[in-house]
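Q: I would like to see how this sequence folds:
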Amino acid sequence: MSKTTGTFVTTGHLKSTVMQKIMPSLWFNNNAEEAMDFYASVFKSFRVFNKSYYGKGMGAPEGLLLSATFELEGEHFIAINGGPLFPFTEAVSFTINCENQAEIDDYWTRLTADGGRESQCGWLKDKYGLSWQVVPAKLSTMVADKDPAVSSRVMAEVMKMVKLDIATLEKAYNGH
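A: Down below sits the predicted model:
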């Protein structure tokens with residue numbers, strides 16, 4: 001791109017990967033690059049496909065990341081440094097399906113570190129304000145049980161919790 005429209009830097013090629021038809025765009029308050037570094041430290045699988053930067057006269061500091069396409073655990077996202085106009089809200093969150101309690105605990109600890117906040121029912125906000133729900137992978141099966149008494153017991157336990165506890169949910173599911 002020309003200097004008046006910004007600088008484009010490619011760190012990979014999206015054409016060589018399978019592209020999602022729909023990709024979430026995450027609007028950051030000029031800290032998208034920092035946030036991507038944070039997510040790279042939290043998730044085992046992370047890669048950046050491309051980055052573009054603000055150029056001279058584009059309404060943000062020259063050289064600031066404008067946007068990037070990246071992947072977390074096989075899911076593609078777009079990060080945009082758009083400023084403070086549109087902060088994240090709980091209206092959109094991302095679910096992390098975990099195989100065991102250690103995995104839940106690890107994601108919980110990492111995502112709430114350095115300014116993240118716990119919420120309820122397995123939800124939290126990371127230090128950038130992005131909402132995540134950290135859940136056991138089998139939770140959707142438990143709450144979709146054909147027996148309404150079973151799903152009600154499980155949901156009653158979920159509603160009491162901040163960070164989800166698999167052992168407690170399994171006891172509720174099994175009627176103990």
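Q: how about low-confidence regions in this structure?
A: Filtered on pLDDT under 70, the chain yields the residue ranges 1-18.
Q: Pull the distance from the helix or strand hosting W27 to the chain's centre.
A: Element membership for W27 (DSSP states H and E) is strand 25-28. Strand 25-28 sits 11 Å away from the centroid of its parent chain (CA atoms, centre = their mean, to the nearest Å).
Q: And the helix or strand just after it, what does it pack against?
A: Going down the chain from strand 25-28, the next helix or strand is helix 32-42, by DSSP H and E. Taking 3 or more CB pairs under 8 Å, 6 or more residues apart in numbering; DSSP states H and E as the contact definition, the neighbouring helices and strands of helix 32-42 are strand 25-28, strand 46-53, strand 65-72, strand 75-81, helix 101-112. (Each C-beta comes from the backbone N, C-alpha and C, glycine too.)
Q: just these: most buried one?
A: Most buried of the helices and strands packed on helix 32-42 by mean neighbour count (mean count of other CB atoms under 10 Å) is strand 65-72; its value is a mean of 21.
Q: which helices and strands sit right next to it?
A: Looks like strand 65-72 contacts helix 32-42, strand 46-53, strand 75-81 (3+ CB pairs under 8 Å, 6+ apart).
Q: how about the ones you listed, which one is nearest D147?
A: Of all the helices and strands packed on strand 65-72, strand 75-81 sits nearest to D147, with 32.6 Å by CB to CB.
Q: Okay, angle between whatever helix or strand comes next after that closest one and strand 65-72 too, please.
A: Of the helices and strands lying after strand 75-81 in sequence (DSSP H and E), the nearest is strand 93-98. Interaxial angle, strand 93-98 versus strand 65-72 (axes from the mean of the first three to the mean of the last three CA atoms, to 10 degrees): 30 degrees.
Q: what's around the residue nearest to P136 when sequence neighbours are not counted, how many residues?
A: Closest residue to P136 apart from its sequence neighbours, by CB to CB, 6 or more residues apart in numbering: I166 at 4.8 Å. Applying other CB atoms under 10 Å, we find 20 other residues in the vicinity of I166.
Q: phi, psi of I166?
A: Per-residue torsions, I166: phi -60, psi -40 (degrees, to the nearest 10).
Q: roughly how far apart are it and K160?
A: 14 Å (CB to CB, to the nearest Å).
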